[in-house]
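after the sequence you'll find the predicted model.
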Amino acid sequence: MTPEQLIARRTAPLRLVIFDCDGVIVDSEPVTNRLTASEFSELGWPMTPAESEKLFLGMNFEAMLPVVEARLGRKLPPDWAERFVNRLVEVLEREVEPIPGAAEALAAISALGLPWRVASNSSHAEMRAKFGRLGMLEVVAGRLHSHHDVAQGKPAPDLFLSAAAAEGVSPDECIVIEDSVPGARAAAAAGMDCLGYAPRCDGAALREVGAIPFRSMFELPGLIAAARRPA
């Protein structure tokens with residue numbers, strides 16, 4: 001199925017677009033993977049940034065903790081995740097860049113009069129750092145949902161359902177924009193269509209969990225405009 005076929009099959013009106021943050025709006029994953037690989041290597045699990053991406057893409061740090069502890073064979077300090085996030089925030093405030101076409105897509109969707117929100121496994125502190133670096137804090141104000149706001153982060157559906165509830169729409173009236181397998185699984189669990197942003201590959205892993213891949217954020221405004229037209 002292509003994005004156009006996904007849109008053509010929709011029967012419910014489109015009333016909300018829900019974006020992931022990392023790798024969809026903000027190009028923060030290279031920074032996060034670099035620091036994560038360095039941190040875990042220091043702890044005794046040698047890792048490259050590419051290995052960090054493969055293992056942990058889309059996961060929050062609390063979810064990563066038991067995986068790391070099982071590999072190391074020991075418990076990490078109770079405040080490990082908090083301390084690492086604080087370190088990460090300092091770097092994100094200096095280094096992240098936007099995903100090409102993402103700001104234009106948000107502006108185009110707003111110009112359609114269509115609401116959008118951001119639902120992320122990142123903390124609010126991380127998102128403030130990222131969007132602050134990009135000068136987008138005013139743009140995203142009141143639209144941000146963190147895994148800290150709900151019982152479970154992705155791949156559970158809680159984040160996307162919370163975003164839909166905040167906008168007062170039903171799940172079938174939403175489209176999710178994701179780049180990770182946990183995020184695509186969360187969209188499927190929430191009963192929402194998902195477009196999978198896959199700029200560097202064919203998106204096979206995303207397709208396997210129900211997302212429909214697309215290659216460029218510059219394509220997205222046209223897809224969303226088409227999805228909003230009555231069938």
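That came in fine, so what should we check first?

what residues are up against the spatially closest residue to Val96 that is not a sequence neighbour?
Excluding the flanking residues, the one nearest Val96 by C-beta to C-beta, 6 or more residues apart in numbering is Ser28, at 4.6 Å. C-betas here are computed from N, CA, C, even on glycine. The contact partners of Ser28, by C-beta atoms under 8 Å, 6 or more residues apart in numbering, come to 21-22, 92, 96, 130.

and which of those is nearest to Leu195?
Cys21 (15.3 Å; C-beta to C-beta).

hmm, that closest one is touching Val118, no?
Yes: between Cys21 and Val118 there is a contact at 5.3 Å, judged by C-beta atoms under 8 Å.

overlap of the contact sets of the two?
With C-beta under 8 Å, 6+ apart as the test, Cys21 and Val118 both reach Met127.

on that earlier part again, where does the residue nearest to Val96 land on pLDDT?
Listed pLDDT for Ser28 reads 89.

same check, this time on the one 5 residues further on
Looking at Asn33, its pLDDT reads 88.

now swap in Leu43 and tell me
Per the predicted model, pLDDT is 88 at Leu43.

wait, doesn't it sit right on Leu72?
Yes: contact criterion C-beta under 8 Å: Leu43 and Leu72 qualify, at 6.2 Å.

those two: who's more crowded?
Leu43 (16 against 13; other C-beta atoms under 10 Å).

quick one, what contacts the more buried one?
By C-beta under 8 Å, 6+ apart, the contact set of Leu43 is 68, 72, 76.

and the closest residue to the first one other than its chain neighbours, how far is that from Glu51?
Just to be clear, that refers to Val68. On the basis of C-beta to C-beta, 6+ apart, the spatially nearest residue to Val68 that is not a chain neighbour turns out to be Phe40, at 6.2 Å. Distance, Phe40 to Glu51, by C-beta to C-beta, to the nearest Å: 9 Å.
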